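**Student:** take a look and give me a structure for this.
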Amino acid sequence: MSFLVGPVSGALVAGGVYYGFSTMIHSRTQQHRLDLHRLSERLLDAPSDIPAPIPASQRITYHPFSSMLKSQWNAQVETVFRAAGEWDQRVMGWSRRLLYGGDAESARKP
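**Tutor:** Have a look, this model is predicted:
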């Protein structure tokens, strides 16, 4: 009879463990189903007038005086850079004439 006690007690322990895990899985699954159901109901019954901030296009303010100052500043900076480019071309022509002699424009054209 002692040879039956070991397998029977093992089967009882395995059955208890199986029952405990299956009950735990079942209760957690039910809880997840209820939570998902509540969340889906909240999503479907959400109010349609959700307060939101005004769009960014309406938050932009136009400042005519500062815009005028910026555009004049940009025009002056552009003039300075164009003048620097023209002086660069003049210096290159002068250095070619000085180094190679003659007309720099005719020496550059093939």
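
**Student:** measure residue 97 to residue 91 for me?
**Tutor:** 11 Å (C-beta to C-beta, to the nearest Å). Glycine gets a C-beta too; all of them are placed from N, C-alpha and C.

**Student:** higher neighbour count, those two?
**Tutor:** residue 97 (14 against 10; other C-beta atoms under 10 Å).

**Student:** average pLDDT across the helix or strand harbouring that one?
**Tutor:** Assigned by DSSP states H and E, residue 97 belongs to helix 64-100. Averaged across helix 64-100, the pLDDT comes to 92.

**Student:** so how far is that helix from its chain's centroid?
**Tutor:** 38 Å (C-alpha atoms, centre = their mean, to the nearest Å).

**Student:** can you pull the buried residues of it?
**Tutor:** residue 96 (16 or more other C-beta atoms under 10 Å).

**Student:** show me what that helix is packed up against.
**Tutor:** With contacts taken as 3 or more C-beta pairs under 8 Å, 6 or more residues apart in numbering; DSSP states H and E, helix 64-100 sits against helix 104-108.

**Student:** quick one: average confidence on the helix it packs on?
**Tutor:** On average, helix 104-108 scores 53.

**Student:** can you pull the residues that touch both of residue 97 and residue 91?
**Tutor:** Counting by C-beta atoms under 8 Å, 6 or more residues apart in numbering, residue 97 and residue 91 have no common neighbour.

**Student:** distance of the residue sitting nearest the centre point of the chain from residue 14?
**Tutor:** For the chain, the residue nearest the mean C-alpha position is residue 56 (17.5 Å; C-alpha atoms, centre = their mean). When C-beta to C-beta is applied, the distance between residue 56 and residue 14 equals 64 Å.

**Student:** kindly report the same for residue 83.
**Tutor:** 93 Å.

**Student:** likewise for residue 34?
**Tutor:** Distance from residue 34 to residue 14, by C-beta to C-beta: 31 Å.
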